[in-house]
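> Structure for the following, please:
(chains A and B)
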Amino acid sequence: MAILIDQDTTFIVQGITGREAVSLTRENLDYGSKIVGGVTPGRAGREVYGVPVYDCVRDITRDHKVTGSVVCVPPKFTRDAVFEAIENGIEIIVIVTERIPRREVAQMVELAKLRGARIIGPNCLGIISPGPEGVGIKMGGVGGPAANTRQAYSKGSIGVMSRSGGMTTEIASTLTAAGMGQSTAVSIGGDAIIGSTYAELMPLFEADPQTKAIAIYSEPGGRMEAELAEWVRDNNSRLPIVAFMAGRFMDEMPGMRFGHAGTIVEGKADTTADKIERMRQSGIEVAERIEEIPALIQQKLGEA
Amino acid sequence: MRFYEYESKALFERLGLPMGPREVVQSRDEALRAAETIGCPVVLKSQVLSGGRMKAGAVLFADTPEEAAAHYDAILPIVVNGESARSILVEKKSPIAQEYYVGVTWDGRAKQPVVIFSDMGGIDIEEVAEKHPERVSQTHVSTVLPTTPRIAKEAVGSVGVTGSDLNRLTPIVAKLIDLFLEYDLTLAEINPLARLEDGSILVLDGHVDMEAEARGSHAQLLSDLGIGDEETRQARPPTPFEIDGAKVDGSDHRGVAGNVVEFDGNLGLVIGAGGGSLTLFDAVRKHGGKPANYCEIGGNPSVKKACELTKLILSKPGVEKIAVMMNVVSNTRVDMVARGVIKGCLESGKDPAEVIAIFRIPGAWEEEGFKILAKYGVEYCDRSVSMFEAAGRAVEKLG
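Numbers count the residues shown, from 1 in each chain, chains lettered A, B, ... in the order given. This is a model prediction of the structure:
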């Protein structure tokens, strides 16, 4: 089953002729994804690894069923590209681009909500649902080249959500090494405002029979962990969750900026110590090291 | 990125928010003349970025120009939360009948701006919200629909303000919402917003924070306000080492090798990416290690950039060894980082085998990378060694 994307998912890449998008397209195709078209205004008629390029999203949606879009355009053009995807009926939009002002992110997220679309990111590496024998589907740069992706990710029952793209793969790789595959791993993005938070993705994992437990990578900043803790408490979740909290040193340095844009602590936001406390109180296990995650999940699954 | 009060007020002025006559002064004489021009009584306020000025004694009232001059001398040396005054703001003191609070900020959960309004202004709003929640309203703002005054009206009306006060406050709150959105602010705050004895409304104190990502879009405003690119406006000003780090990152557009923050330890860190750096920095400290710096590499930086960053860190006094560590990489090539770091060691006149305590970057192109490292005798490990263990090995080598 997995969440968000499966074998039937077809998607497009907006900004497909850009350097990063070209390699992303190749990596996604090699891994088993179905990309039905790409968009770069003024480049209609070209091809990127056999994927036809169009000027507009509607040139593709007219003739193809398109479930998703990976948006990989410069920050200045991202809002327009995302609006175009939403207004053409695309349901899942992965925004890879980083450094988009918050106001524009809020606009994209609000329009998506009005139209019933879902945004993952921005500033993320996307979604991956590993399949059998290393053929799966991914939308975005998560895992890198297909060979590297196969090395780190394997099919299984653990859902992964991470505010860091790189740590998504680090955790998956650690799980795979311990013989624990993943149902779907989502790099949710490192910004202060993102399309889908932990708590907003939890109902999808909850409803997915393949998923048996959740691993989470978390950072300073924002209220996302508090929101997750509340969700878990209020919904009596069936899924054991093990979280890892990075950036604990930042508690001693308010006002300094490290890591992702979302990590800056403004006002009386949660410190990492607050976040850990909130999560533990709602029954979420917090690992001290990444390598403890598989055993903690195993232990929690044993208790259930 | 925080603005000083005088800068915030200059921004408020652009939208026509009502403010009293005021002047920024840099000397005792200027303070005296400003008080004369404005007309006493006046208030003198230290221009610092942090709060707590009143408590520190850095806000004083003067009834005569001579008193204003004396207050200038009294306020200038006061250090507020470790911060010295940039200048002093002299402003007309007005007779106040009522103080309000209004702020606009982002609500990360609702993913919309939120207007916070209270008729208990002049004090810490967090405290008011805790003790008198009925006196604080929170009203969300759509970023898709046009912002119309009814949002402001609801914000003000929700705490029970009515009559001419409601009608006078509404356009001011509406303008603050517009300002917040137009200039990509993360905070636009007026505290207190005062009703004077004659019924008019006046901005007494205010602060704005601009999103760092949006600086480029507001270059003209920042230049008008005299805010230079080198002013990061973080909790402390950047050190020369950090400024050099930013230069390395800016030297070409490929990938990231920067976001350098200086610490005073002996272990130089060449680490990445965003989340990986946070994880690794914690790990080094947990092992009792003393990092000389924080940094981030990622997005496949050029060999040159990795090399220059390595050289910068090795040049820092007190750095004995460096640890080169990342999470499993996807879009960064291990061999490129390995080449860059080794080149950086050699160009610094150091033996890579000696100075690199550990190299732990698994992932794309790792075999090529490990070959290069082996050739130079550098200790490296693959993903079977965790980030935490790798940090431990590095700390151990420093003894």
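> And for the residue of the stretch 101-250 of chain B at minimum distance from chain A, the neighbour number?
For the stretch 101-250 of chain B, the nearest residue to chain A under the criterion CB to the nearest CB is B:A235, separated by 3.2 Å. Placement of C-beta: from N, CA and C, glycine included. Residue neighbour count, defined by other CB atoms under 10 Å in any protein chain shown, stands at 16 for B:A235.
> how close does the closest residue to A:Y31 other than its chain neighbours get to A:I293?
Excluding the flanking residues, the one nearest A:Y31 by CB to CB, 6 or more residues apart in numbering or on different chains is A:A146, at 4.4 Å. Noted for A:A146: a distance of 25 Å to A:I293, by CB to CB, to the nearest Å.
> quick one, which of these two is more surrounded?
In this comparison of A:A146 against A:I293, neighbours counted by other CB under 10 Å, the higher total goes to A:I293 at 25 against 20.
> looking just at contacts, which helices and strands does the host helix or strand of the more buried one meet?
With elements taken from DSSP states H and E, the one containing A:I293 is helix A:293-303. In this structure, helix A:293-303 makes packing contacts with helix A:165-177, strand A:213-218, strand A:241-245, strand A:285-287, judged by 3 or more CB pairs under 8 Å, 6 or more residues apart in numbering or on different chains; DSSP states H and E.
> quick check: mean pLDDT across the next helix or strand after the third one?
Once strand A:241-245 ends, the next helix or strand along the chain (criterion: DSSP H and E) is helix A:272-281. Within the predicted structure, the mean pLDDT of helix A:272-281 is 94.
> Please list the residues outside helix A:272-281 that contact it.
Under the contact criterion CB atoms under 8 Å, 6 or more residues apart in numbering or on different chains, helix A:272-281 has outside partners A:218, A:220, A:225-226, A:228-229, A:241, A:243, A:245, A:247-248, A:250-251, A:270, A:286.
> Would you mind putting the CA coordinates of that helix into PDB?
What follows is the C-alpha trace of helix A:272-281 in PDB, where atoms were taken according to Å, rounded to 0.1, in the frame of the first residue of the first chain:
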ATOM      1  CA  THR A 272      14.500  20.800  22.100                       C
ATOM      2  CA  ALA A 273      14.100  19.900  25.800                       C
ATOM      3  CA  ASP A 274      10.500  21.000  25.700                       C
ATOM      4  CA  LYS A 275       9.800  19.100  22.600                       C
ATOM      5  CA  ILE A 276      11.400  15.900  23.900                       C
ATOM      6  CA  GLU A 277       9.300  16.200  27.100                       C
ATOM      7  CA  ARG A 278       6.100  16.700  25.200                       C
ATOM      8  CA  MET A 279       6.700  13.800  22.900                       C
ATOM      9  CA  ARG A 280       7.700  11.500  25.800                       C
ATOM     10  CA  GLN A 281       4.500  12.400  27.700                       C
END
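> how far off strand A:213-218 does it point, in degrees?
Relative orientation of helix A:272-281 versus strand A:213-218 (axes from the mean of the first three to the mean of the last three CA atoms, to 10 degrees): 170 degrees.
> where do the helices sit along chain A?
In chain A, helices defined by DSSP state H lie at A:19-31, A:58-61, A:75-87, A:102-115, A:146-152, A:165-177, A:198-206, A:224-235, A:272-281, A:293-303, listed in chain order.
> Can you say which of those is packed in most?
Among the helices of chain A, judged by mean count of other CB atoms under 10 Å in any protein chain shown, the one packed with the most neighbours on average is helix A:165-177 (a mean of 27).
> does chain B sit close to that one?
Yes. Looking at helix A:165-177 against chain B by CB under 8 Å from any CB of the partner chain, the contacts come from A:G165, A:G166, A:M167, A:T169, A:E170, A:S173, A:T174, A:A177.
> tell me the angle of the longest strand along chain A relative to helix A:224-235?
Using DSSP state E to define each element, chain A has its longest strand at strand A:155-162. Using the same axes, to 10 degrees, the direction of strand A:155-162 lies 130 degrees away from that of helix A:224-235.
> for strand A:155-162, what is the average pLDDT?
This predicted structure assigns strand A:155-162 an average pLDDT of 98.
> just checking, what packs against it?
Using 3+ CB pairs under 8 Å, 6+ apart, the elements in contact with strand A:155-162 are helix A:165-177, strand A:182-187, helix A:198-206, strand A:213-218.
> quick one, the third one and strand A:155-162 angle?
Right, the one you point to is helix A:198-206. Comparing the axes of helix A:198-206 and strand A:155-162 via the same axes, to 10 degrees yields an angle of 170 degrees.
> Repeat that for the longest one.
Orientation of helix A:165-177 against strand A:155-162 (the same axes, to 10 degrees) gives an angle of 150 degrees.
> Work out the gap between helix A:165-177 and the centre of the chain.
Taking CA atoms, centre = their mean, to the nearest Å, the mean C-alpha location of helix A:165-177 is offset from the chain mean by 13 Å.
> helices or strands next to that helix in the packing?
On the basis of 3+ CB pairs under 8 Å, 6+ apart, helix A:165-177 makes packing contacts with helix A:146-152, strand A:155-162, strand A:182-187, strand A:213-218, helix A:293-303, helix B:274-286.
> Sweet, I'm off.
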